[in-house]
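S.K.: Sequence and predicted structure, then a few things I'm wondering about:
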Amino acid sequence: MRFALNALVVILISALMWGCNSVKPKAPSTQPTGTSSENRPAYVETGKASFYANLHQSKKTASGEIYDHKLYTAAHKKLPFGTKVRVTNVANGKTVVVRINDRGPFIKGRILDLSKSAFSNIANVASGVIEVKIEVIE
C-alpha cells in the first residue's frame, strides 16, 4: 500500500511539473537577423573588430586549436566553433572569410577578434580597431 501511495505522489508531482513546462517565445531583435531567403545570411552583426596581439601566437584557443596568425580565424562571444563568417570593413568595403575558433573579444564594445593575417587583408594593422559587418555564411 505504501509503495502505491509513493508511486501516486511521484506521478502527481511529475504531471504537475510537466504541465508547468512552457517554451518562452524569443524576444524580437533587430540584430542578429534571421532571413528566409537562401541568398542572404542568417546572422548579421555590426560593430568593432580588432586583431590578436603577437603574444597569442602558438597558444591554445577556446576550441582547443593552436592559434596561428597566418590562418584566417576569429574569436566571437557566441557563434559556434567552425562557423564561417564573412567580415566586411565598413570603411573600405574589403571582405575576408574567417572561421570561428575562439571566444572573445573581452574588451567592451568589440564583436570580433581577427587573426592578424585576416585583419591585414581588410585593413592596415596600424589602425588597430575597425568598424565591421559580419555575416554567417556556413
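M.R.: Sure thing, it's come through.
S.K.: And the spatially most central residue of the chain, what's its pLDDT?
M.R.: Closest residue to the average C-alpha location of the chain: Leu79 at 2.0 Å, with CA atoms, centre = their mean. If you check Leu79, the pLDDT there is 96.
S.K.: One more: the one 5 residues further on?
M.R.: We note a pLDDT of 96 for Lys84 in this prediction.
S.K.: For it, which non-adjacent residue is spatially closest?
M.R.: Glu138 (3.9 Å; CB to CB, 6 or more residues apart in numbering). Every C-beta, even on glycine, is put in place using the N, C-alpha and C of the backbone.
S.K.: how deep is that neighbour tucked in, by neighbour count?
M.R.: Residues lying near Glu138 (other CB atoms under 10 Å) number 10.
S.K.: mind checking pLDDT for it?
M.R.: 78.
S.K.: Verify the stated contact: it with Pro80.
M.R.: No - with contacts counted by CB atoms under 8 Å, Glu138 stays clear of Pro80, the gap being 10.7 Å.
S.K.: Need the overlap of contacts for the two.
M.R.: In terms of CB atoms under 8 Å, 6 or more residues apart in numbering, Glu138 and Pro80 are not both contacted by any residue.
S.K.: in its sheet, what does the one helix or strand Ile134 maps to sit against?
M.R.: Ile134 is part of strand 130-136, with elements assigned from DSSP states H and E. In the sheet, strand 130-136 lines up against strand 44-51 (antiparallel), strand 84-89 (antiparallel) (DSSP bridges).
S.K.: on that earlier part again, pull the contacting residues for the residue nearest to the residue nearest to the centre of the chain when sequence neighbours are not counted.
M.R.: Nearest residue to Leu79, sequence neighbours excluded (CB to CB, 6+ apart): Ile100, at 4.8 Å. Ile100 makes contacts with Thr73, Ala74, Ala75, His76, Leu79, Pro80, Phe81, Gly82, Thr83, Lys84, Val85, as judged by CB under 8 Å, 6+ apart.
S.K.: Next one: the first one from Gly128, what distance?
M.R.: Read it as Thr73. As defined by CB to CB, to the nearest Å, Thr73 lies at a distance of 19 Å from Gly128.
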